[in-house]
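Asker: Let me see the structure of the following:
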Amino acid sequence: MATENQIAKSRKKPKFTTRIVRRCWRCGRQRSFMRVFGLCRICFRELANRGEIPGVRKSSW
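Answerer: Residues are numbered from 1 along each chain as shown. Sure thing, here's the model as predicted:
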């Protein structure tokens, strides 16, 4: 989980656009972030399994 200082730092506008840090809105994780949903993979999986993300459902093989 990201600290409050890390989250505050990532909200500021960076000097260069390549330094933008996108974070999950639930937990603040920056790695394995999905831009379309604004979530990290862990939070995405939890919400998708509960059916809380519209249009997303678990695939079966």
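Asker: Show me the strands in the protein, by range?
Answerer: Under the criterion DSSP state E, the chain contains strands at 33-34, 39-40.
Asker: Any idea which of those strands gets closest to residue 27?
Answerer: strand 39-40 (6.4 Å; C-beta to C-beta). Every residue, glycine included, has its C-beta placed from N, CA and C.
Asker: Packing partners of the closest one?
Answerer: strand 33-34 (3 or more C-beta pairs under 8 Å, 6 or more residues apart in numbering; DSSP states H and E).
Asker: about what we covered before: and the strands of the chain, which is most packed in?
Answerer: strand 39-40 (a mean of 22; mean count of other C-beta atoms under 10 Å).
Asker: ok, and what's touching that one?
Answerer: Counting by C-beta atoms under 8 Å, 6 or more residues apart in numbering, strand 39-40 makes contact with 24-27, 29-34, 47, all of which sit outside it.
Asker: could you redo the last one with a cut-off of 6 Å?
Answerer: Residues from elsewhere that reach strand 39-40 (C-beta atoms under 6 Å, 6 or more residues apart in numbering): 24, 29, 32-33.
Asker: ok, which pair from those is furthest apart?
Answerer: 24 and 32 (8.9 Å).
Asker: Please say which of these two ends up with more neighbours.
Answerer: residue 24 (22 against 11; other C-beta atoms under 10 Å).
Asker: any idea how far residue 16 is from the closest residue to that one other than its chain neighbours?
Answerer: Among residues not flanking residue 24 along the chain, residue 40 sits closest, at 4.0 Å (C-beta to C-beta, 6 or more residues apart in numbering). Separation of residue 40 from residue 16 (C-beta to C-beta, to the nearest Å): 24 Å.
Asker: What residues sit buried inside stretch 18-29?
Answerer: Residues 23-24, 29 are the ones in stretch 18-29 that count as buried (16 or more other C-beta atoms under 10 Å).
Asker: For the nearest residue to residue 23 once chain neighbours are set aside, give me the pLDDT.
Answerer: Nearest non-adjacent residue to residue 23, counting by C-beta to C-beta, 6+ apart: residue 30, 5.1 Å away. Looking at residue 30, its pLDDT stands at 92.
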